[in-house]
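In: Predicted model and sequence follow; I will ask about them next.
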Amino acid sequence: MPRDVAVTSSLEPVRSPGLASGSSSGPLAKVAGARWLAALMLAGISLASPSVFAEQASPAANASTSESVSESVSEPANESASEQAEQMPFVARDVASDVNARSGSARDIAPDLRMAIDVSGSMKHNDPTNLRASALDLLVTLLPERSRAGLWGFGEQVQPLLALGAVDAGWKQAARGLEGRLDDYEQYTDLEAGLRAAAEGADASIDGQGPRQVILLSDGMVDLREPSSEKAASDSASRQRITDELTPQLAAHNITVHTVALSRNADIDLLQQVADGTGGLATVAETPEDLLRAFLGALDRIVPGELVPLEDKRFTIDGSVEEFTALVFHGPDDSAPVLIAPDGQRYSLADKASLPEGVRWEHQPRYDLITVTDPEAGQWRIEGRVGVDSRITVVSDLALVSRPLPATLYRGFGYSLSASLVDGARDVDEQDFLATLDGNARLVPEDEGGMSAEMAAVTSAQQRGLERDGAQFSVNMPPPPPPQPGGARLTLTIEGQRDGAPFARQLSQRTSVVDPLLVEPIGGNAQNATPPSALEVSARHPLLNTANTQLDATLQGEPLSVAEAGESRWRIELPPLERDVSADVQISARIALGGSSRVIDLAPYTLNENAARRAANLDRSPIEGESFGEIQGLDQAVEEKEDLNDLLMKGRLPIDKVPALISQWFEGASDFAQREAESPQSRMIAYAVAGVIGLLVVIMLVRRMTRKPTQREEPHV
């Protein structure tokens with residue numbers, strides 16, 4: 001089973017030693033063995049996620065794919081245990097046995113992280129202030145000292161910036177000294193070589209012992225140094241090797257790749273495919289906050305942290321917590337936060353010299369890292385700005401454990417989550433305590449500034465209560481919502497009372513919401529606005545293929561030809577389209593899977609997105625001699641219209657031409673209305689105008705009905 005990285009490395013304790021203590025000694029070391037044992041015991045109480053589907057979709061498991069997994073599309077959260085067992089037989093049986101077979105070596109595996117960072121010339125524009133160095137510093141700060149890590153830069157060539165080695169104080173100091181080398185810009189971008197170098201390391205071979213994690217950061221696309229006559233073919237061949245050869249090879253050797261696109265100009269589809277194919281996280285970072293969030297999201301998957309909820313700048317520490325670390329994000333011009341203990345004691349960077357011995361504080365322009373050992377139990381507060389992704393990580397025997405939450409969610413597909421509350425090496429069995437526990441799972445989409453109004457609405461629709469069975473918690477989540485795909489945060493939270501005091505634990509990781517199918521153009525050239533001749537659709541979801549998925553495609557209401565192009569690929573032929581005309585291709589997928597069927601509408605694919613005008617009248621079949629954007633006799637009709645208008649303005653329009661002029665005016669108004677109706681903004685304006693007119697009509701009717709009748713006085717002499 002090639003994707004056993006999700007089974008072995010992800011079963012380490014869900015608290016981060018790097019966040020909490022910065023070393024392998026202290027309270028963490030005391031409970032590490034017990035936590036490993038608990039994680040291994042709970043392997044069967046795991047997570048049915050897309051990464052599990054990827055395991056099952058391997059060649060060895062294809063024969064039983066449709067029978068062993070059935071996904072929930074809209075199943076209620078209160079299903080019986082037997083129904084849930086039928087939904088997740090693969091998780092309960094195969095994963096547990098696979099983990100037990102590897103349990104002897106899994107305990108000794110330490111995180112192995114490799115970073116491949118783009119140093120091509122375009123970085124001067126997309127990262128002028130070298131924010132990569134700030135994100136790298138955050139990553140270095142949070143990396144636990146029991147891990148191994150290395151760093152490579154790639155442009156035209158690959159540069160080994162920091163050799164793969166054990167993370168200790170010397171390694172971290174060397175990593176922080178790399179800031180000047182990240183702006184040694186090169187002209188081209190050999191993305192394939194950069195990814196391969198990081199995956200291979202000093203061994204110059206992808207084969208290796210144990211799972212590896214790679215963070216790949218780039219702001220562009222494959223751009224090789226080749227003669228102009230060969231460049232397009234060479235770039236395309238390298239991209240194809242990445243998707244068809246290198247990515248499956250990495251997955252087969254337990255190498256997970258987390259990709260970060262530092263610009264919308266990057267080849268986002270390629271980076272998403274690499275992440276999907278290896279079980280990693282794909283992120284687009286367009287702001288400094290996005291970049292820090294992207295690195296932190298990747299680190300959450302490499303070294304998961306156990307959290308307590310942080311709400312309204314407040315968090316609760318229970319008596320079992322031995323240490324907590326507050327990671328507080330803020331703006332570069334904001335002052336450092338102030339931490340206030342339950343007894344009112346204030347911890348401040350301004351008074352750093354008087355901080356107690358058990359408090360460590362690291363301040364950076366965009367975040368503060370505050371660690372408190374043997375903290376007072378009760379409610380703590382933070383004064384100052386608390387940005388998105390701020391969190392409180394704790395070290396405690398009482399822990400909520402689970403496999404990592406899914407890195408990719410697919411629109412149209414539900415998923416199941418499960419976790420267990422443990423006390424050291426055993427399940428919690430305090431029945432009075434367990435009876436107080438309640439929890440939920442929540443999916444919160446992300447944007448640049450946190451949560452918008454739309455996101456708040458989605459959050460309420462994407463929250464489900466957890467079902468509890470003893471110390472075990474589970475939930476069937478509905479498919480991600482239909483709005484624009486992108487990044488999201490998936491969180492499991494439980495809360496209750498222990499010994500009369502508040503208790504809470506939380507697991508939270510970043511995920512990507514994507515369409516289950518990927519649409520890419522064939523032919524054409526975006527630079528000179530040449531439209532593609534066809535579209536290629538490939539399956540992102542590992543269970544989809546041409547046997548269980550049927551595509552329908554239309555262009556402005558007209559059906560398009562769809563043909564199978566491989567085991568999980570389709571080709572959609574496109575009619576000719578002028579360069580200055582844009583139009584949307586609508587694609588829907590009819591999927592029969594696990595004994596149920598569903599229809600998923602993909603996001604529209606826009607042809608000639610930057611064209612000057614939208615296509616009109618494309619909902620009818622072209623007549624002979626007519627193609628999109630050009631109609632025989634159109635120029636003649638325009639000239640006639642101009643002549644009639646000109647005659648009218650000059651006062652010499654013959655009376656017999658008036659009907660023709662009115663007809664032309666009506667036709668022009670109709671065409672204009674049709675074009676404007678295609679715009680969402682125009683439709684909103686039209687609805688608003690219609691609403692105002694309707695309101696005025698109602699007011700007039702009410703006034704007419706309530707008006708007192710006036711008596712008519714008869715005329716008299």
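Out: Arrived safely, thanks for sending. Residues are numbered from 1 along each chain as shown.

In: what secondary structure does Arg385 sit in?
Out: Put simply, Arg385 is coil when judged by DSSP: H, G, I helix; E, B strand; the rest coil.

In: What of the one 3 residues further on?
Out: Here Val388 is coil, with the state taken from three-state DSSP.

In: do the same with Met700
Out: Under three-state DSSP, the three-state class of Met700 is helix.

In: Would you mind measuring from it to Val692?
Out: 13 Å (C-beta to C-beta, to the nearest Å). For glycine as for every other residue, the C-beta is placed from the backbone atoms N, C-alpha and C.

In: so after the helix or strand containing Glu200, what's the next helix or strand?
Out: For Glu200, the host element (DSSP states H and E) is helix 191-200. Heading C-terminal from helix 191-200, the first helix or strand you meet, by DSSP H and E, is strand 212-218.

In: average pLDDT across that next one?
Out: For strand 212-218, mean pLDDT is 91.

In: Tell me which other helices or strands that strand touches.
Out: Under the contact definition 3 or more C-beta pairs under 8 Å, 6 or more residues apart in numbering; DSSP states H and E, strand 212-218 sits against strand 112-118, helix 191-200, strand 255-261, helix 268-278, helix 288-302.

In: what comes into contact with the following helix or strand past it?
Out: Using DSSP H and E, the next helix or strand after strand 212-218 towards the C-terminus is helix 228-241. Under the contact criterion C-beta atoms under 8 Å, 6 or more residues apart in numbering, helix 228-241 has outside partners Asp190, Leu191, Glu192, Met221, Val222, Asp223, Leu224, Glu226, Asp267, Leu270.

In: Could you list the alpha-carbon positions for helix 228-241 in CSV?
Out: Extracted in CSV, the C-alpha atoms of helix 228-241 (Å, rounded to 0.1, in the frame of the first residue of the first chain):
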residue,chain,number,x,y,z
SER,A,228,13.0,29.3,-28.6
SER,A,229,12.2,26.7,-31.2
GLU,A,230,12.3,23.9,-28.6
LYS,A,231,11.2,25.8,-25.4
ALA,A,232,7.4,25.2,-25.6
ALA,A,233,7.8,21.4,-26.2
SER,A,234,10.5,21.1,-23.4
ASP,A,235,8.4,23.0,-20.9
SER,A,236,5.3,20.9,-21.7
ALA,A,237,7.3,17.7,-21.5
SER,A,238,8.8,18.6,-18.1
ARG,A,239,5.3,19.5,-16.7
GLN,A,240,4.0,16.2,-18.0
ARG,A,241,6.8,14.3,-16.3
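
In: Next, the angle from it to helix 268-278.
Out: For helix 228-241 against helix 268-278, the angle by axes from the mean of the first three to the mean of the last three C-alpha atoms, to 10 degrees is 30 degrees.

In: Going by neighbour count, which residues of helix 228-241 are buried?
Out: For helix 228-241, the neighbour count (16 or more other C-beta atoms under 10 Å) marks Asp235, Ser238, Arg239 as buried.

In: What's the mean pLDDT across it?
Out: Summarised as a single mean, pLDDT over helix 228-241 is 90.

In: could you check the angle helix 191-200 makes with it?
Out: Orientation of helix 228-241 against helix 191-200 (the same axes, to 10 degrees) gives an angle of 40 degrees.

In: Name the next helix or strand following helix 228-241 along the chain.
Out: Using DSSP H and E, the helix or strand that directly follows helix 228-241 along the chain is helix 247-252.

In: which strands and helices sit next to that following helix?
Out: Packed next to helix 247-252, using 3+ C-beta pairs under 8 Å, 6+ apart, are helix 268-278.

In: Helix or strand next in line after the helix it packs on, which one?
Out: Following helix 268-278 in sequence, per DSSP H and E, is strand 282-284.

In: by contact count, what packs against that following strand?
Out: Packing partners of strand 282-284 (3+ C-beta pairs under 8 Å, 6+ apart): strand 255-261, helix 268-278, helix 288-302, strand 486-498, strand 501-514.

In: so which of the ones you listed gets nearest Asp343?
Out: In terms of C-beta to C-beta, the element of the helices and strands packed on strand 282-284 nearest to Asp343 is strand 501-514, at 14.8 Å.

In: ok and that closest one relative to helix 268-278, angle-wise?
Out: Strand 501-514 runs at 120 degrees relative to helix 268-278, counting by the same axes, to 10 degrees.

In: so which strand or helix has Glu322?
Out: Using DSSP H and E, Glu322 falls within strand 321-329.

In: Now do that strand: everything it contacts.
Out: 19-21, 26-27, 142, 289, 292, 308, 317, 337, 339, 366-375, 377, 382, 384, 386-396.

In: which of the residues you listed are buried?
Out: Using 16+ other C-beta under 10 Å as the burial test, these include 19-21, 27, 142, 289, 292, 308, 317, 337, 339, 366-373, 375, 382, 386-396 as buried.

In: Please report the distance of Leu555 from Phe503.
Out: From Leu555 to Phe503 the distance is 57 Å (C-beta to C-beta).

In: follow-up on the earlier one: which of the buried ones among the contacts of strand 321-329 fall in strands?
Out: 308, 317, 339, 367-373, 382, 391-396 (DSSP state E).

In: tell me the average confidence for the strand holding Glu322?
Out: Strand 321-329 shows an average pLDDT of 95 in the prediction.

In: Next, the angle strand 391-396 makes with it.
Out: With the same axes, to 10 degrees defining the directions, strand 321-329 sits at 170 degrees from strand 391-396.

In: Show me the shaky parts of the stretch 501-650 of the chain.
Out: Along the stretch 501-650 of the chain, the parts satisfying pLDDT under 70 run over 525-529, 612, 615-650.

In: those helices in it, which residues are they?
Out: Along the stretch 501-650 of the chain, the segments classed as helices by DSSP state H, counting those that start in this stretch run 634-650.

In: returning to what we had before: would you mind checking which of the contacts of helix 228-241 is nearest to Arg498?
Out: Relative to Arg498, the closest of the contacts of helix 228-241 is Leu270; by C-beta to C-beta it sits at 48.6 Å.

In: any idea how far Leu217 is from the closest one?
Out: 14 Å.

In: Out of those two, name the residue with the larger neighbour count.
Out: Between Leu270 and Leu217, Leu217 has the larger neighbour count (other C-beta atoms under 10 Å), namely 29 against 21.

In: Pairing partners for the more buried one in the sheet, please.
Out: With beta bridges defined as DSSP bridges, Leu217 has these partners: Ile117, Val260.

In: thinking again about what came up before, got TSV for the helices and strands packed on strand 212-218, with mean pLDDT and distance to Pro481 too?
Out: Output for those, formatted as TSV (pLDDT from 0 to 100; distance: least, C-beta to C-beta, whole Å):
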stretch	mean pLDDT	distance to Pro481
strand 112-118	90	32
helix 191-200	92	32
strand 255-261	92	23
helix 268-278	90	19
helix 288-302	84	20
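
In: deepest of those, which one?
Out: Highest mean neighbour count of these: strand 255-261, a mean of 28 (counted as mean count of other C-beta atoms under 10 Å).

In: Just name whatever secondary elements it is in contact with.
Out: Judged by 3+ C-beta pairs under 8 Å, 6+ apart, the packing partners of strand 255-261 are helix 191-200, strand 212-218, helix 268-278, strand 282-284, helix 288-302.

In: So which of the ones you listed is nearest Ala251?
Out: Closest to Ala251 of the helices and strands packed on strand 255-261, according to C-beta to C-beta: helix 268-278, at 4.8 Å.

In: report the angle between the axes of that closest one and strand 255-261?
Out: Helix 268-278 runs at 160 degrees relative to strand 255-261, counting by the same axes, to 10 degrees.

In: which other residues reach helix 268-278?
Out: By C-beta under 8 Å, 6+ apart, the list of residues contacting helix 268-278 reads 191, 195, 216, 218, 221-222, 239, 242-243, 247-248, 250-251, 255-261, 280-282, 284, 407-408, 512, 514, 518, 520, 540.

In: what's near enough to touch Ser120?
Out: Going by C-beta under 8 Å, 6+ apart, Ser120 touches Phe154, Gly155, Glu156, Tyr185, Glu186, Gln187, Tyr188, Thr189, Ser218, Asp219, Gly220, Asp223.
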